[in-house]
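# Next input, structure requested:
(one chain, ligands or ions: 1)
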Amino acid sequence: MATIVPVPVSDYRGRLAPSPTGYLHVGHARTFWTAWQRARDAGGALVMRMEDLDPDRSRPSYADAALEDLRWLGIRWHEGPDRGGPFGPYVQSKRHHVYAETWRKLLRCGFLFPCKCSRKDLQAAAGAPHENASRSAAAMRAFKLEAVDDEPLYPGTCRHDSWQAPQLPGPTGVNLERPEGTNWRFRVPDGEVIEFEDQNLGQQRFVAGIDFGDFVVLRRDGVPSYQLACVADDGAMRITEVVRGADLLKSTARQILLYRALGLQPPHWFHCRLVVDHNGRRLAKRHDALSLRALRERGLTPMKILSAKLPLTT
Ligand SMILES: [Zn+2]
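I've put the predicted structure just below:
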């Protein structure tokens, strides 16, 4: 089937970044449709990037299904794993050199520290009483929020102020070629207010150290975190506007810190309200009946799926 994609006539560069860890559902359809519409209305380019860094949950069959489902919806892109382009590869599992370079840059500039804590340590720390009562209250509150986001508020166990990052290439205690073996965290500026104007949801405000803590950029198994990979790729692919779900608002605050640390201009942000089920829960794998595949098999058209009245939340 011939694909008609309008030639970009502006500098706008948007992206579609599905994770191939399951079938796309009606919530993804709305967000990706919005991303496509905004790129089209701006006369810009749209990039397809497959975010398959999670080695345990990513499946090539889901990646193929995502491309197929999005094409079925009527969404078209200019660059991607299936089309090539000047900023490839467009599959994250083939971009480890980009993430290693970004990690080295952050490390040399003193933004990172090594962290030996296990997930268990962090959960124990978040649940245990803390010597600083106000910090503890904030940590408890943030932990509850973080639990639905992606990581608990870091209690600061390994945040030695004395740990000096190597400023220049050369022999150091850190192997700059093979960062594996420890988690690497970004030290956030405690108390700093991170504000940004969201093109859809308006002014947003988060406080570093309270709404989110020192976050992982590289895991001990060598897998970069969402925050690192996303910023490295959006920067390298010259993305000018990020359209994604409102569940990632707090990630945006973290990513703004990464852009600053790397000396990069952040893109504009447009976060879409999330589709929820009738109990107000975000759509997830358990909602297989709302996958695009299932709806299509039931005979629904893209138009029906995109225009159906569905409960939304932020
Ligand atoms: Zn630690």
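
# So which residues on the stretch 151-300 of the chain come close to the ion?
157, 158 (Cβ under 5 Å from the ion). Quick note: C-beta positions are derived from backbone N, CA and C, even for glycine.

# What is the three-state secondary structure of the residue in the stretch 151-300 of the chain that the ion sits nearest to?
Residue of the stretch 151-300 of the chain nearest the ion, by Cβ to the ion: residue 158 (3.2 Å). Each residue gets one of three states, and residue 158 gets coil by DSSP: H, G, I helix; E, B strand; the rest coil.

# Near it, how many other residues are there?
Using other Cβ atoms under 10 Å, residue 158 has 17 neighbouring residues.

# Also residue 13?
Using other Cβ under 10 Å, residue 13 is surrounded by 22 other residues.

# cool, and residue 156?
19.

# ok now do it, which residues does it touch?
Contact partners of residue 156, counting by Cβ atoms under 8 Å, 6 or more residues apart in numbering, are 213, 214.

# So, low pLDDT: which residues of the stretch 201-314 of the chain?
Where the stretch 201-314 of the chain drops to pLDDT under 70, the residues are 285-286, 313-314.

# Please enumerate the helices of it.
For the stretch 201-314 of the chain, the helices defined by DSSP state H, counting those that start in this stretch cover 226-236, 249-262, 292-297, 302-307.

# that older thread, if I look at the nearest residue to the residue of the stretch 151-300 of the chain closest to the ion once chain neighbours are set aside, how far off is residue 229?
Excluding its sequence neighbours, the residue lying closest to residue 158 (Cβ to Cβ, 6 or more residues apart in numbering) is residue 115, at 4.3 Å. Using Cβ to Cβ, to the nearest Å, residue 115 is found at 18 Å from residue 229.

# More neighbours: which of those two?
Higher neighbour count among residue 115 and residue 229: residue 229, with 23 against 20, using other Cβ under 10 Å.

# coming back round to it: possible to save the helices of the stretch 201-314 of the chain as a markdown table with distance to residue 36?
Formatted as a markdown table, the helices of the stretch 201-314 of the chain follow (distance: least, Cβ to Cβ, whole Å):
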| stretch | distance to residue 36 |
| --- | --- |
| helix 226-236 | 17 |
| helix 249-262 | 20 |
| helix 292-297 | 14 |
| helix 302-307 | 11 |
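
# which of those is buried the deepest?
Highest mean neighbour count of the helices of the stretch 201-314 of the chain: helix 226-236, a mean of 23 (counted as mean count of other Cβ atoms under 10 Å).

# got the contact list for residue 206?
Taking Cβ under 8 Å, 6+ apart, one finds 193, 194, 195, 212, 249, 250, 253 in contact with residue 206.

# these two touch, right, the fourth one and residue 186?
No - between residue 212 and residue 186 no contact is recorded; they are 10.2 Å apart, counting by Cβ atoms under 8 Å.

# which of the two has more neighbours?
Between residue 212 and residue 186, residue 212 has the larger neighbour count (other Cβ under 10 Å), namely 26 against 22.

# Could you tell me how many residues sit around residue 79?
For residue 79, the neighbour count with other Cβ under 10 Å is 21.

# now it, nearest residue through space, not along the chain?
Leaving aside its chain neighbours, residue 79 sits nearest to residue 85 (2.9 Å; criterion: Cβ to Cβ, 6+ apart).

# What's the separation between that neighbour and residue 237?
From residue 85 to residue 237 the distance is 9 Å (Cβ to Cβ).

# neighbour-wise, which of the two wins?
Ranked by neighbour count (other Cβ under 10 Å), residue 85 and residue 237 place residue 237 first, with 19 against 16.

# List the residues that contact that one.
By Cβ under 8 Å, 6+ apart, the residues touching residue 237 are 13, 15, 47, 49, 79, 87.

# can I assume the last one is in contact with residue 234?
Right, the one you point to is residue 87. No - with contact defined as Cβ under 8 Å, residue 87 does not count as touching residue 234 (10.5 Å).

# shared neighbours, the two?
In contact with both residue 87 and residue 234: no residue, using Cβ under 8 Å, 6+ apart.

# Kindly provide the distance from the residue nearest the centre of the chain to residue 219.
With distances taken as Cα atoms, centre = their mean, the chain has residue 226 as the residue nearest its mean C-alpha position (4.6 Å). Per Cβ to Cβ, residue 226 is found 11 Å from residue 219.

# likewise residue 310?
Distance from residue 310 to residue 219, counting by Cβ to Cβ: 35 Å.

# can you list residues touching both of residue 212 and residue 186?
residue 254.

# Please name the spatially closest residue to residue 259 (chain neighbours excluded).
Ranked by Cβ to Cβ, 6+ apart and with sequence neighbours excluded, the top spatial neighbour of residue 259 is residue 266, at 4.2 Å.
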